[in-house]
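Trainee: Model the structure of this input:
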Amino acid sequence: MPKIDNIEETPNPNAVKFLLKEPVTTGAARSFLGASLAKDDALARSLFEVGGVVSVFYMDRMITVEKAETEDWDDLLPKLAVPIRAAEAAQGGAAAAAGAGALGGALGALMSDDPRLLRINEILDEKIRPALAGDGGWLDVVSLKENTLTIKYQGACGSCPSSISGTLMAIESMVQQEVDPALEVVAV
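Mentor: Have a look, this model is predicted:
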């Protein structure tokens, strides 16, 4: 059972990040944009059952919960703490393997034979993903087709206005400078 180490605000006013003392996955990111998508995931399902939750993202020792605009954090936070404390801690390889299915298109993008993708993921790992994780979010590369790189924000970044504007422009600028000046970056 993970213990909550801290609760942090994110740049998205409708999302908070729970930092845990024990991991709930070992490297696998899990993202759920609605209760119907979380029916097979005990932790995410239990967080949606609290009510007022619109998305759940978790990875390693972090859980990000996004609330409905009408909900109040003062009412919601104590209710969310209950299923988080009751969640199972990750048990090594099995938990990571179970979470790998949540990667979806990202796994296909990583297995592509386009050499630009390796460099793009290196840039994202070095310069972008750590900052997004610090804000309770993440991003995956969905595809690279011709000169269009498609990415998907997760967690607090999924509905944050700054990820759709400033962060997206920064990513595009980096990949254009370091990989290919013709690349366009699109978020889905």
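Trainee: Contacts for the host helix or strand of Leu80 next, please.
Mentor: Per DSSP states H and E: Leu80 is located in helix 73-86. With CB atoms under 8 Å, 6 or more residues apart in numbering as the test, helix 73-86 has contacts from 1-4, 7, 16, 18, 20, 43, 46-47, 49-53, 63, 65, 67. (C-beta placed from N, C-alpha, C; glycine too.)
Trainee: Next, the buried residues of it.
Mentor: Trp73, Leu76, Leu80, Pro83, Ile84 (16 or more other CB atoms under 10 Å).
Trainee: do the same with stretch 15-28
Mentor: Ala15, Val16, Lys17, Phe18, Leu20, Pro23, Val24, Thr25, Thr26, Ala28.
Trainee: Confirm for me that the first one is in contact with Lys67.
Mentor: It stands for Ala15. Yes: counting by CB atoms under 8 Å, Lys67 is a contact partner of Ala15 at 7.4 Å.
Trainee: Can you pull the phi/psi pair for Arg61?
Mentor: phi -110, psi 30 (degrees, to the nearest 10).
Trainee: What does the pLDDT read for Gln91?
Mentor: Looking at Gln91, its pLDDT is 62.
Trainee: What is the neighbour count of the residue lying closest to Ser163 once chain neighbours are set aside?
Mentor: Nearest residue to Ser163, sequence neighbours excluded (CB to CB, 6 or more residues apart in numbering): Cys157, at 4.2 Å. Residues lying near Cys157 (other CB atoms under 10 Å) number 27.
Trainee: so Cys157 touches Leu132, yeah?
Mentor: Yes: using CB under 8 Å, Cys157 is in contact with Leu132, at 5.4 Å.
Trainee: Need the residues touching each of those two.
Mentor: Trp138, Leu139, Ser163, Thr167.
Trainee: If the first one is in a bridge, with which residues?
Mentor: Put plainly, it is Trp138. For Trp138, the beta-bridge partners under DSSP bridges are Gln154.
Trainee: what about it, distance to Leu76?
Mentor: Distance of Trp138 to Leu76, computed by CB to CB, to the nearest Å: 22 Å.
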